[in-house]
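>>> Predicted model and sequence follow; I will ask about them next.
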Amino acid sequence: MSVAEIEKTDPKSSRLDLIDCDIHPAVMASPAALYPYMSTRWRNEFESIGPRVAQPFLRQVPYPRLTPGNGMRGDAWPAGGGAPGSDLGLLQQQLLDTFDISHGILVPLTPSTLNQGLCAAICSAVNEWQIDRWTSHEPRLKASLCVTPDDPEAAVEEIRKHAGNRKFVQILVTPRTIEPIGRKRYRPLFEAAVEYGLPVALHSDIGGKHANSGAGWFSYYWEDHVAYTFSMQTMITSLIMEGVIDRLPDLKIVAIEGGFAWVPSLGWRLDKHWQRMRSEVPHVTLPPTEYMRQNFWYTTQPIEEPETPKHLQDTIRWIGADRLLFSSDYPHWDFDDPRYAFKTKLSRADEAAIFAGNARRLYRLDQ
Amino acid sequence: MSAVDQTEVAQRLPSGIERGAIDCDIHPALSSTKELRPFLDEHWQEMLAVRNIDGLDLTSFPPKADLFSRPDWRPKQGKPGSEIGAVKADVLDHFDLKFAIANCLYGAQAAYNEYIGEVLCRAINDWLSKEWLDKDKRLRASIVVSLANPEAAAEEIERVAADRRFVQVLVLAMGEALLGRKQFWPIYRVAERLNLPIGIHAGSTYRHAHSQAGFHSHLVEDYVVQSQGFTAQVLSLIAEGVFAKFPGLRVVLIESGVTWMPALMWRATKNWRGARIEIPWVRQAPAAIMREHFRLTLQPFDAPPDPADFERLMEHFGTDEMFLFSTDYPHWHFDGDDVLPAGMPASLVRKILVDNPLKTYPRLVEAS
Amino acid sequence: MERHVIAKTSEIPPGTRKLVEVKGRQIVLINTDGEYFALLNRCPHQGGSLFHGDLIGLTESTEPGCYKYSRRGEMLRCAWHGWEFDIRTGQSWCDRRTRVRTYRTAVEDGAALEKGPYVAERFNVTVEDEYVLIEV
């Protein structure tokens, strides 16, 4: 859309069906909201000791953001107080109503807590809180089943607890696990996902247990933000090359908040080297791009913006429009407005698929 | 311009129609540190023998792995690339090259002991000069340095660069600290002054887990993840203001895969518009900085399945000046003479094989 | 072009801003040290709100680690992706081809306004007060 067009468009102008696959209710910005769902022990430990994540600062993200609230949209602060994403009313008005969204998927960001017990307690609390404070009050919202990343046993327990509740449309875990997530240790998680017919979503993470690059630590947020794509690429590579998809062909994986322009070249690279190195990974029976086309989906935000906007059409063609899921990332600063995020014209069919159709099918929203 | 058909292109190289191609990445192999004895003093000769300091082939590049050892380039004995006769026949003569740039991947630069690193790198540079450059006028080489002591590395660069057959400084993609950091600036200072590009080559010193989620199980995954290493280095060199400080510096990304870069250009530039206040010395769009300061060697080329998309990719890059011909000998990225990616138009061949390399490596022009 | 009375000067002390609506447009009115600037409240990038963004100075640099600060309060950052807009020209600092629409402002006292012409959508203009006008 051109500048002139943006200036003319009315927010409520007619829109196709729209599903937002990445909405962030405030978790770590308002941890007190979780306390009613935590035992005294874990509440006290969290308050006194902190979230126990592998980064030096107790109350600041490793790379200071560029807007207040640790990288929130400046206009998403509720008038009545509280952090962006903490007020359902504002979220309804500013996001769901403004864009006439038919379904929005909550993706709460939980810390990768090193204390496994505390981690499980936080995940459990977040799951109950989503139902109690969000989806029960707003039928358009769906929930993500948060699980502990490096404790698959605890993760499976949590999945079994909630899997019958159709409000949970996916399992959610960090891609910055302590080992690449295709490795054996995580198998129970993926087996449970397939058993219960739930996709596994991995949302880019601001911290983990290893350096943010194989060449050391970045100095700046600008660098770190681009490197969110790394853990996405790693989890795709690992899930394919460890044979997880071969073993579980019905497994569905969603990469959330990685953008997608890097997907085609990763696929070509995986195919090329798989071809040559097949003797090392005989359990991978198909070219990697076959799995990427069948088993993986990618949310669109933060959408990449080529200098020549129509180049994005090549990217979409290479990935397959059926793989993409529109997401806004409300209320973060790098929010994508559904009206203006795509600066190139999509076909009606692709638009319908990306903005709602693919999500409807993947998450079985009509069933 | 329509894409030239592959047979027509393939014929060009051996028959010499495009005589004068410059191969920007071949790998002479050191068989053992014993070969370095003549270039070491008495003390180090003894240390190497008594402590068995040998076998420093990189874990990233096992010489016998299929990926790094094309069958018809494997000698009957020894490592591929270890024998100059074979290198002459397989690459220099076969592709009728004007020059080939030798990048030695022996892992001296990954040594934890800074003195072992320094001494062995120095010996490798001397070995390259005597056993390779002296034996074929077409050969050129990169200066290998350890990054453990950047001031010492800068001195080594100065020393070796007196021999003008050395055309580049070689480092690995995954070291101990990101290459943009100030601690490495002595190296860029001398490289800029001497007009030598920095060549960042795929490979790891294993100081950090390769991925944000740890080490992968398989070599093939490790090789794939190198593209993240290259991305990280491009980000770091730009973010830390290396090109603001050393505007004449050029960086060559060697054995990177190539096609990952446009996505980085787009994302890095978009983010910069909002993040500029964090790195205000980045005064141009990052994509523009990439086009000006970075070059990429051709092989391996992570190609789209449809040859018609080669030209689309060139459009995504926004320039055809970045690409430097290479075979990556003896690594196995193509069969026969299919070294040029499918769909590469005839109009680009001379540029990639000759013009871009000459512009990138000014010392090659002196000799032409 | 019409002149619209949009605010009393007393409503916008130096260092503050106000969001007004004129002819169906949302406009950010900023008072920087006694000078008034008006910009359309719609970032040309993805339509984000400028009114909710930070008003900061300009940070320039020619050398890593050196920060040259000037023009306090004259760079308005979009509340979403943080693009910096020069409030004097409406230009994006990083992408000079991109501008957010700006409007000429003027300050008139009530007595002068009696002569007209102007449009006052919300105001009963009184002689005693001073007003900010923009041309739309």
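Perfect, I can see it now.
>>> So which bits of chain C are right by chain B?
Selection of chain C residues close to chain B by Cβ under 8 Å from any Cβ of the partner chain yields C:45, C:56, C:59-67, C:77-78, C:81-84, C:92-95. Bear in mind the C-beta positions are built from the backbone N, C-alpha and C, glycine included.
>>> List only buried entries from those.
For these, a burial check counting by 16 or more other Cβ atoms under 10 Å in any protein chain shown picks out C:45, C:56, C:59-61, C:64, C:77-78, C:81-84, C:92-94.
>>> From the residues you listed, which land in strands?
C:56, C:59, C:60, C:77, C:84 (DSSP state E).
>>> So which residues of chain C form strands?
Using DSSP E, strands in chain C cover C:3-8, C:17-22, C:25-32, C:35-40, C:55-60, C:68-77, C:84-86, C:102-103, C:105-109, C:119-120, C:130-135.
>>> Lowest average confidence across the ones you listed, which one?
Of all the strands of chain C, mean pLDDT reaches its minimum on strand C:119-120 (a mean of 77).
>>> Chain B: which of the ones in strands among the buried ones among the residues of chain C next to chain B is nearest?
Set against chain B, the nearest of these by Cβ to the nearest Cβ is residue C:59 (4.7 Å).
>>> who in the stretch 251-367 of chain A is up against chain B?
Counting by Cβ under 8 Å from any Cβ, the residues of the stretch 251-367 of chain A near chain B are A:259, A:261-262, A:264-266, A:268-270, A:272-274, A:276-277, A:279-281, A:302, A:304-308, A:311, A:314-315, A:318, A:333-334.
>>> From these, list the ones also adjacent to chain C.
A:333, A:334.
>>> Which of the residues of the stretch 251-367 of chain A next to chain B fall within helices?
Within those, residues falling in helices by DSSP state H are A:264-266, A:268-270, A:272-274, A:276, A:311, A:314-315, A:318.
>>> Can you give me the pLDDT of residue C:96?
88.
>>> which secondary element of chain B has the worst mean pLDDT?
Among the helices and strands of chain B, helix B:6-15 carries the lowest confidence by mean pLDDT, DSSP states H and E, at a mean of 44.
>>> Right, and chain A sits closest to which residue of chain C?
residue C:79 (3.0 Å).
>>> which residues touch residue 87?
Assuming you mean chain A. Applying Cβ atoms under 8 Å, 6 or more residues apart in numbering or on different chains to residue A:87 gives the contacts A:78, A:80.
>>> Oops, wrong one, chain C.
Taking Cβ under 8 Å, 6+ apart, one finds C:30, C:32, C:37, C:39, C:55, C:74, C:75, C:76, C:102 in contact with residue C:87.
>>> try 6 Å
C:30, C:37, C:74, C:76 (Cβ atoms under 6 Å, 6 or more residues apart in numbering or on different chains).
>>> out of those residues, which are buried?
C:30, C:37, C:74, C:76.
>>> Just put the residues you listed in a markdown table and tack on distance to residue B:287.
Shown next, in a markdown table, are the buried ones among the contacts of residue C:87 (distance: Cβ to Cβ, whole Å):
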| residue | distance to residue B:287 |
| --- | --- |
| C:30 | 32 |
| C:37 | 31 |
| C:74 | 27 |
| C:76 | 25 |
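>>> In contact with the residue nearest the centre of chain B, which residues?
In chain B, the centroid-proximal residue (Cα atoms, centre = their mean) is residue B:254; its distance is 3.2 Å. Contacts for residue B:254 (Cβ under 6 Å, 6+ apart) come out as B:25, B:199, B:201, B:297.
>>> for chain C, what are the nearby residues on chain B?
Proximity of chain B to chain C (Cβ under 6 Å from any Cβ of the partner chain) is limited to residues B:241, B:244, B:245, B:273, B:274, B:276, B:277, B:280, B:281.
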